[in-house]
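S.K.: all I have is the shape, not the residue letters:
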């Protein structure tokens, strides 16, 4: 234990730098995944015939083991050239399922009587979406963002294997050195990041969830 | 939406049929409602009352025949314009749970682009009209009683002063005392509004209290369409059955 604290203190600059790198990788990936996944989730509520293929593909991607996915993406032009790009793409792909599925489920779960009342009042499809469906689905959508973020923070540690940087570097270095302190110096901050993201998004989710309370 | 001439029907069904999976939920319905008139569609669950209402505001489109609003087929209307001119009230109000009372009532005026002070004045006016205190403006639907929610639902439907009002068993979920109060208030309100009103219910007592005319439906078909005073004297067997089922209730 002493070794661990000693390593943490002496390498604090490096650990801080890797943590920032880790957060950046996950942050960019989640942002892009949200920009792709939420619109796709909305789309399949409007075109139900697309829901099976879209959710099916996202599901299959989810089942590919992390290391294998990195391997598959390595030869891809431009993407494969930099570890960071590749890691971000892989994290986006893994985040799509919870984002698409929760957006779809959240909107489908809005009380049909409320949606019909809105339509009967003469709201356009767009007004119905922005004023009624998205606000009422927001708790469930944020739950999807939360799952995607927590999973991505963990998964991003593997990305060090392809030179993407982040806290995984310490874990891989510790593994090759057979040094638990170095492994922990990567694993503990990564776990702390995942826990804080989970708590922060969980709090947001509960706040938004109160909107859903049925009348 | 322009008001039609007084004798021209605001709403008319012309041999309208609505089929779903080969079954006619509304079967060859011909019926009309004038401005200032309240028609009650009476019938048991599944008789096609609600489906008929949805044909008027184009939530559904007839499979055959025609439904006209102000002399124009609903299919010829822009659906958004059509619906903005038709107030719609459903059971338990169908209020938006994430909007305050003020925002629920003011939503249509807001998207129609009314100035904020006009919306506020209109909201206050409507709340008073349906017998609610303006203290409730900042409350959310789940903080209201069933009767209050229903009143807000009526106020919301009236917000942009639509010439047509459709109500689908609006008071069905209320306790008997609240229901009776709100029915009487609604009758008074109706007499001042001069709108074309179609009111759906399965409650004969409610029909007799609120209707100018009662249209009785069964299995998607219109059985009788009579002025309210003639309804209790009809020889039609289904009307007799209704009257017997409700006997004990004084016939107005």
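M.R.: Perfect, I can see it now. The model shown is predicted, which means the values in this text are computed figures rather than measured ones. Numbers count the residues shown, from 1 in each chain, chains lettered A, B, ... in the order given.
S.K.: next one: the closest residue to residue B:133 other than its chain neighbours from residue B:101, what distance?
M.R.: Excluding its sequence neighbours, the residue lying closest to residue B:133 (CB to CB, 6 or more residues apart in numbering or on different chains) is residue B:127, at 7.5 Å. C-beta: built from backbone N, CA, C; applies to glycine. Plainly put, residue B:127 is 8 Å away from residue B:101 if you go by CB to CB, to the nearest Å.
S.K.: more neighbours: which of the two?
M.R.: Taking neighbours as other CB atoms under 10 Å in any protein chain shown, residue B:127 and residue B:101 compare with residue B:101 leading, 27 against 21.
S.K.: so that one sits against residue B:137, correct?
M.R.: Yes: with contact defined as CB atoms under 8 Å, residue B:101 and residue B:137 form a contacting pair (5.3 Å).
S.K.: if I look at these two, which residues touch both of them?
M.R.: Taking CB atoms under 8 Å, 6 or more residues apart in numbering or on different chains as the contact criterion, the common neighbours of residue B:101 and residue B:137 are residue B:127.
S.K.: buried residues in the longest helix along chain A, which are they?
M.R.: Of all the segments assigned as helix in chain A under DSSP state H, the longest by residue count is helix A:12-46. In terms of neighbour count (16 or more other CB atoms under 10 Å in any protein chain shown), helix A:12-46 has its buried residues at A:15, A:18-19, A:21-23, A:25-26, A:28-30, A:33-34, A:37-38, A:40-42, A:44-45.
S.K.: neighbours of residue A:125, how many?
M.R.: The tally of other residues near residue A:125 (other CB under 10 Å) stands at 11.
S.K.: roughly how far apart are it and chain B?
M.R.: 10 Å (CB to the nearest CB, to the nearest Å).
S.K.: what does the pLDDT read for that residue?
M.R.: If you check residue A:125, the pLDDT there is 94.
S.K.: and the pLDDT at the closest residue to it other than its chain neighbours?
M.R.: When the adjacent residues along the chain are set aside, residue A:125 lies closest to residue A:46, with 7.8 Å between them (CB to CB, 6+ apart). Note on residue A:46: pLDDT of 95.
S.K.: let me see the contact set for residue 137.
M.R.: You didn't pick a chain, so chain A it is. With contacts defined as CB under 8 Å, 6+ apart, residue A:137 is in contact with A:103, A:106, A:107, A:109, A:110.
S.K.: if you could check chain B rather than the one you did, that'd help
M.R.: Taking CB under 8 Å, 6+ apart as the definition of contact, the neighbours of residue B:137 are B:100, B:101, B:102, B:123, B:124, B:127.
S.K.: before we move on, back to that, write the ChimeraX selection for whichever of the contacts of residue A:137 are buried.
M.R.: The following ChimeraX line selects those of these that are buried, judged by 16+ other CB under 10 Å:
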select /A:103,106,107,110
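S.K.: hang on, the earlier thing: what touches both of residue B:127 and residue B:101?
M.R.: B:136, B:137.
S.K.: could you measure from residue A:156 over to chain B?
M.R.: The separation that residue A:156 has from chain B, given CB to the nearest CB, amounts to 35 Å.
S.K.: can you verify my assumption that that residue contacts residue A:21?
M.R.: No: between residue A:156 and residue A:21 there is no contact, the gap being 9.3 Å when judged by CB under 8 Å.
S.K.: which neighbours do these two have in common?
M.R.: By the contact definition CB under 8 Å, 6+ apart, residue A:156 and residue A:21 are jointly contacted by A:166, A:167.
S.K.: low-confidence ranges, chain A, go.
M.R.: Of all residues in chain A, those with pLDDT under 70 make up the ranges A:1, A:211-215.
S.K.: grab the nearest non-local neighbour of the spatially most central residue of chain A.
M.R.: For chain A, the residue whose C-alpha lies nearest the mean C-alpha position (CA atoms, centre = their mean) is residue A:148; its distance is 2.7 Å. Nearest non-adjacent residue to residue A:148, counting by CB to CB, 6+ apart: residue A:95, 3.7 Å away.
S.K.: show the backbone phi and psi for the one you found.
M.R.: Main-chain dihedrals, residue A:95, degrees, to the nearest 10: phi -80, psi -20.
S.K.: isn't it up against residue A:27?
M.R.: No: with contact defined as CB under 8 Å, residue A:95 does not count as touching residue A:27 (11.8 Å).
S.K.: in the stretch 151-252 of chain B, which spans are strands?
M.R.: In the stretch 151-252 of chain B, strands defined by DSSP state E, counting those that start in this stretch lie at B:164-168, B:196-201, B:213-218, B:221-227, listed in chain order.
S.K.: could you say which helix or strand holds residue B:52?
M.R.: Take DSSP states H and E as the rule and residue B:52 turns out to sit in helix B:49-56.
S.K.: now do that helix: distance to the chain's middle.
M.R.: When C-alpha coordinates are averaged (CA atoms, centre = their mean, to the nearest Å), helix B:49-56 and its chain have centres 10 Å apart.
S.K.: quick check: next helix or strand after that helix?
M.R.: On the C-terminal side of helix B:49-56, the nearest following helix or strand under DSSP H and E is strand B:64-69.
S.K.: what's the angle between that following strand and helix B:49-56?
M.R.: Taking axes from the mean of the first three to the mean of the last three CA atoms, to 10 degrees, one finds strand B:64-69 and helix B:49-56 inclined to each other by 70 degrees.
S.K.: is any residue of strand B:64-69 near chain A?
M.R.: No: with CB under 8 Å from any CB of the partner chain as the measure, strand B:64-69 is seen stopping short of chain A, the closest distance being 12.9 Å.
S.K.: quick one: strands adjacent to that strand?
M.R.: Taking DSSP bridges as the criterion, strand B:64-69 forms sheet pairs with strand B:9-20 (antiparallel), strand B:72-73 (antiparallel).
S.K.: isn't there a helix covering the residue nearest to residue B:133?
M.R.: Yes: Residue B:127 forms part of a helix when assessed by DSSP: H, G, I helix; E, B strand; the rest coil.
S.K.: residue 92 sits in which helix or strand?
M.R.: All of this is about chain A. helix A:83-108.
S.K.: wait, chain B was what I had in mind.
M.R.: For residue B:92, no secondary-structure element claims it when assigned by DSSP H and E, so it is in no helix or strand.
S.K.: got a pLDDT number for it?
M.R.: 80.
S.K.: got the contact list for residue 8?
M.R.: In the absence of a named chain, chain A is used. With contacts taken as CB under 8 Å, 6+ apart, residue A:8 has the following neighbours: A:15, A:185.
S.K.: ah, I was thinking of chain B
M.R.: Neighbour list for residue B:8: B:34, B:70, B:71 [criterion: CB under 8 Å, 6+ apart].
S.K.: then residue B:147?
M.R.: Each residue near residue B:147 by CB under 8 Å, 6+ apart is listed here: B:174, B:175, B:178, B:181, B:182.
S.K.: those: which ones sit near chain A?
M.R.: Counting by CB under 8 Å from any CB, the subset of those that neighbours chain A is empty.
S.K.: the residues you listed in helices, which ones?
M.R.: Of those, the ones assigned to helices by DSSP H are B:178, B:181, B:182.
S.K.: in the helix holding residue A:92, what counts as buried?
M.R.: When burial is assessed from 16+ other CB under 10 Å, helix A:83-108 yields the following buried residues: A:83-108.
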